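Participant: Quick one: sequence plus predicted model below, questions after.
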2 protein chains.
Amino acid sequence: MVDAAPLPLHRAIVRKEWVDYNGHLNDAYYMVIFSQATDAFIDYIGMADAVRRETKTSIYTLEGHINYLLEVKEGEEVEIRSRLVRHDAKRMQLYHEMFRPGHADPVAAAEFMLLHVDTTDGAKSAPFRPETAARLREIQAAQDVLPPSTYSSRTIGLKPKA
Amino acid sequence: MVDAAPLPLHRAIVRKEWVDYNGHLNDAYYMVIFSQATDAFIDYIGMADAVRRETKTSIYTLEGHINYLLEVKEGEEVEIRSRLVRHDAKRMQLYHEMFRPGHADPVAAAEFMLLHVDTTDGAKSAPFRPETAARLREIQAAQDVLPPSTYSSRTIGLKPKA
């Protein structure tokens, strides 16, 4: 059974090499942590590295979106909670929020469109294997009861003109 | 005078610590290079580090979006070309494309919403200083003749349901 709540699959400590001169997590390195959380989700759906090699499959990132909400300092721990927004035969839309443990407001949110590929001969988009598809349906069904995520499906844009 | 073409303000060589086990630039590290390109643009509008300290101003990243288009390998050089999509009194929407020199197709595109802040007492959103605003208007005027960018103002989303 998958819990209805977003999945807390990854934690990280903000490293010295990830911060700016003010000691705050640099904007680009939020993405490094979110990418690690995506890897944790890929493990969770049964596609860990060894499985990907054995089945000659992989997951490619097509697109990403990030919202920066609060600052995080060197040495702080953050937890990522993840939701499967939607999926189809080959793609999944994955949403993460980053929290300081014990705080209610996220420090950042990120969303990714990911593609399943067959690496037998180069890399071609391919349907998820049946066991992966079943796992995704299970997660989706459990999480569909959640309200929409605040920072999902956002578009960057200023209204035309200063 | 600012040229009408996107501004080639940053180049980077793909580092060993940025690649995955296949030797390809890891998705999160495209963002590190784009963030460096944003820094180069901030220098270009006359807000280099020394100026930001002296004027007690800074630029915060509010939001980012990235499209992954092609793979890039360790040791390859990439060039970023940048456009100011739009700006208002306090914000700017900046768009970058990443190229392998000599290749016509971008390997990635990214867009950011950036906020000008006054750091006198914490960090509060504040209008650009007059000289910065003038510089932004100059760049905007030069680049407004360009056709819309392919990967600007994108939204992540799968149509409801597999």
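Facilitator: Perfect, I can see it now. Numbering: from 1, shown residues only, chains lettered A, B, ... in the order given.
Participant: Tell me what A:His116 is bridged to.
Facilitator: Under DSSP bridges, the beta-bridge partners of A:His116 are A:Ile59.
Participant: If we go by neighbour counts, what in stretch A:137-155 is buried?
Facilitator: By neighbour count on 16 or more other Cβ atoms under 10 Å in any protein chain shown, the buried set for stretch A:137-155 is A:Ile139, A:Gln140, A:Ala142, A:Gln143, A:Ser149, A:Tyr151, A:Ser152, A:Ser153, A:Arg154. C-beta here means a position set from N, CA and C on the backbone, and glycine is covered the same way.
Participant: anything in it near chain B?
Facilitator: Yes. Against chain B, stretch A:137-155 shows contacts by Cβ under 8 Å from any Cβ of the partner chain at A:Arg137, A:Ser152, A:Ser153, A:Arg154, A:Thr155.
Participant: Now for those residues: which two are most distant?
Facilitator: A:Arg137 and A:Thr155 (28.4 Å; Cβ to Cβ).
Participant: mind listing what A:Asp43 touches?
Facilitator: Residues in contact with A:Asp43 (Cβ atoms under 8 Å, 6 or more residues apart in numbering or on different chains) are A:Leu9.
Participant: ok but it is inside a helix, no?
Facilitator: Yes. Assessed by DSSP: H, G, I helix; E, B strand; the rest coil, A:Asp43 belongs to a helix.
Participant: Correct me if wrong: A:Ile66 contacts A:Tyr30.
Facilitator: Yes. Using Cβ atoms under 8 Å, A:Ile66 is in contact with A:Tyr30, at 6.3 Å.
Participant: Give the residues shared as contacts by the two.
Facilitator: With Cβ under 8 Å, 6+ apart, A:Ile66 and A:Tyr30 have common neighbours A:Ala108, A:Ala110.
Participant: Show the pLDDT at the spatially most central residue of chain A.
Facilitator: The C-alpha lying nearest the average C-alpha coordinate of chain A belongs to A:Thr38 (Cα atoms, centre = their mean; 4.0 Å). We have a pLDDT of 98 for A:Thr38.
Participant: any chance you could map the helices in chain A?
Facilitator: Applying DSSP state H to chain A gives helices spanning A:27-44, A:49-55, A:130-143.
Participant: contacts for the last one?
Facilitator: Defining contact as Cβ under 8 Å, 6+ apart, one finds that helix A:130-143 is touched by A:1-4, A:6-7, A:45-47, A:83-84, A:86-87, A:89, A:92, A:116, A:127-128, B:162.
Participant: same thing but at 6 Å, please
Facilitator: Helix A:130-143 is contacted by residues A:Val2, A:Ala4, A:Ile45, A:Gly46, A:Arg83, A:Leu84, A:His87 when judged by Cβ atoms under 6 Å, 6 or more residues apart in numbering or on different chains.
Participant: Return the subset of those lying in strands.
Facilitator: Applying DSSP state E to the contacts of helix A:130-143, the entries found in strands are A:Arg83, A:Leu84, A:His87.
Participant: and which of those is nearest chain B?
Facilitator: A:His87 (5.9 Å; Cβ to the nearest Cβ).
Participant: So what's the residue count around the closest one?
Facilitator: Here the number of neighbours of A:His87 (other Cβ atoms under 10 Å in any protein chain shown) works out to 23.
Participant: leaving aside the residues next to it on the chain, what's closest to it?
Facilitator: A:Leu136 (4.9 Å; Cβ to Cβ, 6 or more residues apart in numbering or on different chains).
Participant: repeat for A:Met31
Facilitator: B:Met31 (4.1 Å).
Participant: I figured that neighbour hits A:Asp27, correct?
Facilitator: No. In this structure, B:Met31 is not within contact of A:Asp27 by Cβ atoms under 6 Å, at 7.9 Å.
Participant: PyMOL command for the buried members of the contacts of helix A:130-143?
Facilitator: Listed next is the PyMOL selection for buried residues among the contacts of helix A:130-143, using 16+ other Cβ under 10 Å:
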select buried, chain A and resi 45+83+84+87
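Participant: With pLDDT added, can I get the contacts of helix A:130-143 in a markdown table?
Facilitator: Formatted as a markdown table, these follow (pLDDT from 0 to 100):
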| residue | pLDDT |
| --- | --- |
| A:Val2 | 80 |
| A:Ala4 | 85 |
| A:Ile45 | 97 |
| A:Gly46 | 97 |
| A:Arg83 | 97 |
| A:Leu84 | 97 |
| A:His87 | 96 |
